[in-house]
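> Next comes the sequence, and after it the predicted model I'd like to discuss.
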Amino acid sequence: MPFEKRTHTGFAPGKLILTGEHSVVYGYPAIAIPVNLGVTVTLSSTHGGSYFRTPDARLESILLPFLPTSGVAVSIHSTLPMGKGMGSSAALSVALVRALASWEGKTSDFSTEYEIGMSIEKQFHGNPSGVDHTVSALGKMVFYTKKASGPEITPMQNPPLELLVVDSGEMGNTATMVEHVAKQYKESPETTKEILKNIGDITQTIHEKLLCPILDLPSLGACFTQNHEQLRNLGLSTPAIESIITYISTHGGYGAKLSGSGGGGVVMALIDSPAQHVPTLAEMGYTAYVIHPFVPTA
Ligand code: MEV
């Protein structure tokens, strides 16, 4: 058969957890938005066995079983900071599912993206709630609750939020941080339960605020800061994260919190004119992004 050169791509956005990281693992709701940065997976035809064009051997060993055994070379391009709490592995999973569907002349659906996304996320992160790849696949803000019977997913309209996201420069390892909270839960159940419940209450308040047609930024920001204090009490903050939080509060920010697993990763902040802070933060050694909810093109 003549060699047919083909190229197919799939894209999926990353995410930011506005509230409820970690408590979502314990059955409380989380709210997350898809963001204007994401992952593109490109499949092209090749002679011989399928492979990933990446130096990351772990990533290749997790994802290779999802490819046809031969004929496909995979390239990954990400505008998201990788491993920093913005859902890069979830976006990669969903983008791969989309690229593979296109390769087969199909369009992928949410349930396939959810199922395959979950099985890939389990290999990357151990015991994920599923919120990351749900948001990535839906491209909409979600109110997400993990239940024994399956997730309860309520899509919401993306809010008109512009956020300053600052990379602490440290990698946040989701599996390790989820394990860290589980250990605390075992060692100090009463304190840990109370913190998780506090985060659950804050999430309900943030949910109500996000449903208002005009966002009350000062009170929303105050909720983010309260959420951060609870995450700090769980031991998930770091000196770099705290120095970014201090920068935001001393520069007129409405509020800020770590977003994602913590132990590194990013801080998201609600602050006027976020772009103005990007150069100053760069001088301090931090890469910052102006983030807004993902807008689907089609
Ligand atoms: C990671 O993005 C969010 C966590 O809540 C873990 C999870 O939900 O799977 C820390």
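On my side now, so go ahead.
> What's opposite the residue nearest to L59 when sequence neighbours are not counted in the beta bridge?
Among residues not flanking L59 along the chain, F52 sits closest, at 6.9 Å (C-beta to C-beta, 6 or more residues apart in numbering). Quick note: C-beta positions are derived from backbone N, CA and C, even for glycine. Beta-bridge pairing for F52 (DSSP bridges): V74.
> Centre of the chain to the top helix by length along the chain, how far?
With secondary structure taken from DSSP state H, the chain has its longest helix at helix 189-211. Put simply, helix 189-211 sits 19 Å off its chain's centre (C-alpha atoms, centre = their mean, to the nearest Å).
> Quick check: buried residues in that helix?
Buried residues in helix 189-211, counting neighbours by 16 or more other C-beta atoms under 10 Å, are found at 192, 195-196, 198-200, 202-203, 205-207, 209-210.
> hmm, back to that, surely the residue nearest to L59 meets L63?
Yes. In terms of C-beta atoms under 8 Å, F52 counts as a neighbour of L63; the distance is 6.4 Å.
> okay, and the common contacts of these two?
Common contacts of F52 and L63 (C-beta atoms under 8 Å, 6 or more residues apart in numbering): V74.
> Only alpha carbons, please: show whichever strand or helix holds A137 as PDB.
Element membership of A137, judged by DSSP states H and E, is helix 131-138. Extracted C-alpha coordinates of helix 131-138, given in PDB (Å, rounded to 0.1, in the frame of the first residue of the first chain):
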ATOM      1  CA  VAL A 131     -12.500  17.700  38.000                       C
ATOM      2  CA  ASP A 132      -9.500  18.600  35.900                       C
ATOM      3  CA  HIS A 133     -10.300  16.600  32.800                       C
ATOM      4  CA  THR A 134     -14.000  17.300  33.100                       C
ATOM      5  CA  VAL A 135     -13.500  21.000  32.800                       C
ATOM      6  CA  SER A 136     -11.000  20.500  30.000                       C
ATOM      7  CA  ALA A 137     -13.400  18.300  28.100                       C
ATOM      8  CA  LEU A 138     -16.500  20.500  28.600                       C
END
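> Output the contacting helices and strands for that helix.
Applying 3 or more C-beta pairs under 8 Å, 6 or more residues apart in numbering; DSSP states H and E, we find helix 131-138 packed against strand 7-19, strand 30-49, helix 88-103, helix 110-125, strand 141-145, strand 152-156.
> Those into CSV, with extra columns for distance to the ligand and mean neighbour count?
Below are the helices and strands packed on helix 131-138 laid out as CSV (distance: least, C-beta to the nearest ligand atom, whole Å; neighbours: other C-beta atoms under 10 Å):
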stretch, distance to the ligand, mean neighbour count
strand 7-19, 6, 24
strand 30-49, 7, 20
helix 88-103, 8, 26
helix 110-125, 6, 18
strand 141-145, 9, 23
strand 152-156, 13, 14
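> Contacts made by stretch 121-128 with the rest, please.
Identification of contacts with stretch 121-128 by C-beta under 8 Å, 6+ apart yields 25, 62, 89-90, 93, 118, 130, 132-133, 174-175, 178-179.
> ok, 7 Å please
Under the criterion C-beta atoms under 7 Å, 6 or more residues apart in numbering, residues V25, I62, S89, A90, S93, D132, H133, T174, A175, V178 lie in contact with stretch 121-128.
> Quick check: ChimeraX command selecting the buried ones in those.
Only the buried entries of these go into this ChimeraX selection, using 16+ other C-beta under 10 Å:
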select :25,62,89,90,93,132,133,174,178
